[in-house]
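In: Would you be able to build a 3D model of this:
(2 chains)
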Amino acid sequence: MGSGLDAGSLSVTVKDGKGALVSDAVVYVTSSTNSSRAAKQVVIDQRNKQFVPYVTAVQVGTSILFPNKDNIRHHVYSLSPAKRFELPLYEGIPAKPVLFDAEGFVTLGCNIHDWMIAYVAVLGTPYFQITAEDGRAVLKDLPAGQCTVEVWHPRLKGLPQNSAQHVDSVAGDAKELLFTLDLKPDFRVRRAPGLSNGGYP
Amino acid sequence: MKSRTSCSLTAIRTTWLILLLAMTLSAARADWRLEAETGALYESNLPNSDRGADEKDDFAWQSNLQAGNGFQLTRDLRLNLGADLGGQVWARYDAFNNVAPGGIAGLRYRFGLGPAAPWVLVEDHVAYAFFEEVDRSGLGNRFRVRSGFGIGDRIALEAAYTFDDFEAKDAFWDLGGHSGSIRLTFDVTSSLQVALGYSYRDGDVISYALPPRPDLVTLSSDREPVSSFGRPLYTAYRLRGSSNTISASLAYALGKYISVQASYEFRNTSSGPLEYGNHSVEAKVAFAY
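Out: Below is the predicted model of the structure:
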């Protein structure tokens, strides 16, 4: 992480209200000694009419490229206040990446394939990880000192601040934290045949 | 009859002209979709009879296969083309067994981005139905204008106008009508979807009954004895009728590409003093890729 301060680590486990492990949760740490990473480019693919990955976390100021790896055209868009944009019908690699320049949580869609959806957490900190299938995320090289840990998930009810946990110091042995999130049901548009296809195909 | 035939031929020519035009577009822009469904259908009153004694129920196994291709012409405009093959096999009354190859063309305009944006779809479906009772075979054309929009993430409302026209080898079996429908779809859970619908149709219907039925003779424009329901022979009466239909459906997604669906429909049809009802129940497996 390159903070230049004493490094520490956190192991965070995320569960839902029923005790099930939660993947694709964004765990991020803010501290008074936050530092900036060198801006880099991140990639969100479109493969087999799906965004890959489903959840991406970036620091403010990061550019994201949206290569289309299908042999059909996609139309990527976001109506989220943190980043409104459109990449109209295209194939291959767009000429320019999209700069995510404001903090917030962004929902991506494809205007052609309504089931295609993905999320970008645009964070004001370089310290973040996304939970894996086992519901765990390990954050390393954190700056020493007090910090606040928050967790966001696409189906989170309420704000991440509501479940924030404060840690006095992450220096020394890895600390373990458990978050229990209140999640909304998953109402994503399904690819499986339903009762209304909205004129698709 | 000639003007109806001419109308149908025009629709067919238009449908296939659009199909040919679209095929000239870049193949890389094609967005193929394959859909298949198969399942059982129960019909409580296959003869559309108004007398309980004349009603006959039956089960059918029905399947449909459709290969569709979507061409996104502009951000908001999409041309959908498809070929399909449908079929029904009835357990007892095999006169109604049929197989119907067809084609569909549709143009959808969506007013904005995302699944909740309002949309309008104009589509035409043409299919030739080969019935086991050959005289019933013929060319069907269904022209439809559909429109819908989402109310939040979980509810979608849809309305449609449909003109249907079927021209059979034997003109007695010709059918045509106009209908309007509305449907509300609700996502109960992430996997379960429920829909409630209502439709009204005004058009030709055929009601069968054991003669003598002097009341139906006065109502009908034509009649014909049929062996479709065995002996004694029923008489088929051509009528002009109006139907009110309510329906409830549910779909449960089993995975990314497959769902199971069930639906119930009650249709009440009246033509002057004649009135009959049909209950139908359908259960099927649907696949889309």
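In: Can you tell me which residues in the stretch 1-150 of chain B are near chain A?
Out: B:28-31, B:33, B:35, B:37, B:68-70, B:72, B:74-75, B:78, B:80, B:82, B:106, B:108, B:110, B:113-115, B:119, B:121, B:146, B:148 (Cβ under 8 Å from any Cβ of the partner chain). Where C-beta positions appear, they are placed from N, C-alpha and C, glycine not excepted.
In: now chain A, which segments are flagged as low pLDDT?
Out: By pLDDT under 70, the low-scoring segments of chain A are A:1-6, A:34-39, A:196-201.
In: domains in it, as residue ranges please.
Out: Per automatic domain parsing, the structural domains of chain A span A:1-35+A:127-185, A:37-125.
In: I'd like to know which of those lies nearest to chain B.
Out: When these are ranked by proximity to chain B, the top entry is domain A:37-125, at 4.0 Å, counting by Cβ to the nearest Cβ.
In: Establish whether that closest one and chain B are in contact.
Out: Yes - counting by Cβ under 8 Å from any Cβ, chain B has neighbours in domain A:37-125: A:71-73, A:75, A:77, A:79, A:86, A:88-89, A:91, A:109, A:111-112, A:114.
In: any idea which of those has the most stuff around it?
Out: Most neighbours among the residues of domain A:37-125 next to chain B, by other Cβ atoms under 10 Å in any protein chain shown: A:Asn111, with 24 neighbours.
In: these two touch, right, that one and B:Gly114?
Out: Yes - A:Asn111 is within contact range of B:Gly114, at 7.0 Å (criterion: Cβ atoms under 8 Å).
In: Name the residues contacting each of those two.
Out: Both A:Asn111 and B:Gly114 are in contact with A:Tyr77, where contact means Cβ atoms under 8 Å, 6 or more residues apart in numbering or on different chains.
In: before we move on, the earlier item: just the ones of the residues of the stretch 1-150 of chain B next to chain A in strands?
Out: B:31, B:33, B:35, B:37, B:68-70, B:72, B:78, B:80, B:82, B:106, B:108, B:110, B:119, B:121, B:146, B:148 (DSSP state E).
In: residue contacts, residue 85?
Out: Defaulting to chain A. Applying Cβ under 8 Å, 6+ apart, the residues contacting A:Phe85 are A:Tyr77, A:Ser78, A:Val98.
In: that's the other chain; I wanted chain B
Out: B:Asn64, B:Leu65, B:Gln66, B:Val99, B:Ala100, B:Pro101, B:Gly102.
In: List only those of those flagged as buried.
Out: Among these, those classed as buried by 16 or more other Cβ atoms under 10 Å in any protein chain shown are B:Asn64, B:Leu65, B:Gln66, B:Val99, B:Ala100, B:Gly102.
In: hang on, the earlier thing: rebuild the contacts of A:Phe85 as CSV, extending it with secondary structure.
Out: Shown next, in CSV, are the contacts of A:Phe85 (DSSP: H, G, I helix; E, B strand; the rest coil):
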residue, secondary structure
A:Tyr77, strand
A:Ser78, strand
A:Val98, strand
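In: which of those lies closest to A:Pro160?
Out: For the contacts of A:Phe85, the minimum distance to A:Pro160 (Cβ to Cβ) is 19.3 Å, reached by A:Ser78.
In: Bridged to the closest one, which residues?
Out: A:Phe85 (DSSP bridges).
In: these two touch, right, it and A:Leu108?
Out: Yes - between A:Ser78 and A:Leu108 there is a contact under Cβ under 8 Å: 5.4 Å.
In: Which of these two has more residues huddled nearby?
Out: More crowded of A:Ser78 and A:Leu108, by other Cβ under 10 Å: A:Leu108, with 25 against 21.
In: For the more buried one, identify the helix or strand it belongs to.
Out: strand A:104-110 (DSSP states H and E).
In: which of the residues in that strand are buried?
Out: By 16+ other Cβ under 10 Å, the buried positions in strand A:104-110 come out as A:Phe105, A:Val106, A:Thr107, A:Leu108, A:Gly109, A:Cys110.
In: thinking again about what came up before, which among the residues of the stretch 1-150 of chain B next to chain A end up buried?
Out: Buried, going by 16+ other Cβ under 10 Å: B:29-31, B:33, B:35, B:37, B:68-70, B:72, B:75, B:78, B:80, B:82, B:106, B:108, B:110, B:113-115, B:119, B:121, B:146, B:148, out of the residues of the stretch 1-150 of chain B next to chain A.
In: tell me which residues in the lengthiest strand in chain A are buried?
Out: As assigned by DSSP E, the longest strand anywhere in chain A is strand A:7-16. By neighbour count on 16+ other Cβ under 10 Å, the buried set for strand A:7-16 is A:Gly8, A:Leu10, A:Ser11, A:Val12, A:Thr13, A:Val14, A:Lys15, A:Asp16.
In: isn't A:Arg155 right next to A:Tyr119, touching?
Out: No - using Cβ under 8 Å, A:Arg155 makes no contact with A:Tyr119, being 9.9 Å away.
In: Comparing these two, which shows the higher neighbour count?
Out: Between A:Arg155 and A:Tyr119, counted using other Cβ under 10 Å, A:Tyr119 has the larger neighbour count: 23 against 18.
In: which neighbours does the helix or strand containing the more buried one have in its sheet, and in what orientation?
Out: Element membership for A:Tyr119 (DSSP H and E) is strand A:117-123. With DSSP bridges as the test, strand A:117-123 is paired with strand A:55-59 (parallel), strand A:104-110 (antiparallel).
In: Between the two ends of stretch A:15-23, what distance do you get?
Out: This stretch, stretch A:15-23, spans 9 Å end to end (Cα to Cα, to the nearest Å).
In: Also stretch B:108-122?
Out: End-to-end span of stretch B:108-122 (Cα to Cα): 6 Å.
In: Check stretch B:41-61 too.
Out: OK, stretch B:41-61 end separation, Cα to Cα: 6 Å.
In: For that stretch, which outside residues touch it?
Out: With Cβ under 8 Å, 6+ apart as the criterion, stretch B:41-61 contacts B:38-40, B:62, B:88-93, B:96, B:205-210, B:229, B:234, B:269, B:274-282.
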